[in-house]
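*Asks:* sequence unknown, structure follows:
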C-alpha cells in the first residue's frame, strides 16, 4: 500500500531561492520535452528521455539540477499524455497538452534517490534534497515503510510542502464491525444517514465570503506589475488556503467517524459535474466537496478493512423506503409523506433507500421501532452541526436483526 505523508518545509531565504530555481528549471525542461514530443511522428518515451543529454549540452544551467528530477519531467509528460488519451477514449472532450507557465507549474519530484530524512529529535527535522540543501521541516507523523519518492510543492501563499510517498507492506484485515449505514449527501444537511444522524452543512466558503471579497477588491486596485500587487496576491491566496484547510479538516473528521463505526458504508454515485451545470446553487455544491468526501471514505476504508458501496442515486428521494411507492416531492418539500402511513424527513428516507440498494434486499414493511443509539460524532465538528432526526410517526426498522443498528 502506498501512503503519502504531507509535511511543511521551513526553508531559509537562500534555500527558498534554490527551490524556486529548481522549480523553474523543471518547468523549462518540461516545455522543451513537450516541444520535442510535438515534433515526433509517433510518441517515443525512451527517445525523448535520451534527448535530455542534448538539452544539457545546449543549456549548461541544467547540469546544476539533480538528474533524476529532470528525468521525472519526461515521466510526467507521458503520464499527462496517457490521461488525455484515456479521457478521449471515455468520450469526453479533451484538447492537447499545453506549455506550462510559472503560475501553473508548482511541483518537482525526487524519484528513487536524491533525498534523505534526517531525524534530529528536536522540533525541526531535516530533509536532504540533492543539489539544494538540508531543509528544516516538521515530521508530525513517523513515516512507516520504504520511502519511494518525495514531491516538493509550492503553494500560491508562499508555503512549501513535502509530499513523502512510502510503500507499506501491510495487508488490511477485514473489519469486524458488521454495522451498515446509508449516507445521503445534501446542502441543508451535509450528511443524513439511515440511523437518524445528521450533520449540518458548515458552508466554509459562505462564512469567509466577505473577507475574500474585500481581499480581491484590494487586489483589483493595485497596479499591475507592482510589488504591492504581488503582496496582495499572496493575501488572497492565504484566504483561499484557509477555506480549503477548514473544509479538509471537516471532511477528514467526518469520514474517519464513519469508517471507525461501520463495516459497510453506502453512498450515492453522484454526477457532480452534471449537477453543477444544471443548478443555480453551484457555488454551495462545489463548496460541499462531495466527491472529496467519498474519496476520503474510500481510501480510509481500504486501510481499515471496511467496504464502501456506490449506488445509483436516481429515485432515492422520491421512493418510499417502506412500500416502494413513488411520492413526488419538490425541492422545498422537506418531509416524506406516503399513503402507507410512513412519515419521515426526506433525507432520512433517501438514506434508507441508499442502504437498501447497497444490500440488495427489501427492508421489512410494517415493524415500527424507535431510532436506536446514534453514531458518536466527534465533538471537534461542533455541537451546533450535529442534530438527531426526530420521527413524527412510525419509522421503519433497518433490519430484522440487530446487526444493522
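*Replies:* Received the coordinates, thanks. The structure displayed is predicted, hence computed values, not measured ones.

*Asks:* how about the helices of the stretch 151-300 of the chain, start to end?
*Replies:* 204-207, 209-221, 227-261, 272-278, 282-288, 290-304 (DSSP state H, counting those that start in this stretch).

*Asks:* care to break the protein down by domain?
*Replies:* When the chain is parsed with automatic domain parsing, its domains come out as 2-167, 180-404.

*Asks:* need the least confident one among those, by mean pLDDT.
*Replies:* Sorting the domains of the chain by mean pLDDT places domain 180-404 lowest, at a mean of 79.

*Asks:* and residue 131, which of the helices of the stretch 151-300 of the chain is closest to it?
*Replies:* helix 227-261 (27.4 Å; CB to CB). All C-beta spots, glycine's among them, are computed from the backbone N, C-alpha and C.

*Asks:* For that closest one, list every residue counted as buried.
*Replies:* 232-233, 236-240, 243, 247, 250-251, 254-255, 257-259, 261 (16 or more other CB atoms under 10 Å).

*Asks:* do the same with stretch 207-223
*Replies:* Buried-residue list, stretch 207-223, by 16+ other CB under 10 Å: 208, 215.

*Asks:* I'd like to know how many residues surround the residue lying closest to residue 349 once chain neighbours are set aside.
*Replies:* Leaving aside its chain neighbours, residue 349 sits nearest to residue 336 (4.2 Å; criterion: CB to CB, 6 or more residues apart in numbering). Residue 336: 23 surrounding residues under other CB atoms under 10 Å.

*Asks:* roughly how far is the one helix or strand residue 49 maps to from the heart of the chain?
*Replies:* Here residue 49, judged by DSSP states H and E, is contained in helix 45-58. Put simply, helix 45-58 sits 35 Å off its chain's centre (CA atoms, centre = their mean, to the nearest Å).

*Asks:* With stretch 144-161 instead?
*Replies:* Taking mean C-alpha positions (CA atoms, centre = their mean), stretch 144-161 and its chain are 16 Å apart.

*Asks:* what residues does it touch?
*Replies:* Applying CB atoms under 8 Å, 6 or more residues apart in numbering, the contact partners of stretch 144-161 are 2-3, 6-11, 16, 19-20, 23, 106-112, 115, 117, 127, 129, 135, 162-169, 233-234, 237-238, 240-241.

*Asks:* tell me the secondary structure for residue 140?
*Replies:* The three-state label given to residue 140 by DSSP: H, G, I helix; E, B strand; the rest coil is coil.

*Asks:* what's the burial count for the residue nearest to it when sequence neighbours are not counted?
*Replies:* The shortest distance from residue 140 to any non-neighbouring residue, by CB to CB, 6+ apart, is to residue 7 (6.7 Å). Counted by other CB under 10 Å, the residues lying close to residue 7 total 19.

*Asks:* Likewise for the one 10 residues further on?
*Replies:* Look at residue 17: counted by other CB under 10 Å, it has 11 neighbours.

*Asks:* residues touching the residue positioned nearest the centre of the chain, list them.
*Replies:* By CA atoms, centre = their mean, the chain has its centre lying nearest to residue 292, at 3.9 Å. Counting by CB under 8 Å, 6+ apart, residue 292 makes contact with 248, 251.

*Asks:* Against residue 71, how distant is it?
*Replies:* 32 Å (CB to CB, to the nearest Å).

*Asks:* same deal with residue 109?
*Replies:* 10 Å.

*Asks:* Between the two, point out the one with more neighbours.
*Replies:* Per other CB under 10 Å, whichever of residue 109 and residue 71 has more neighbours is residue 109, with 22 against 16.
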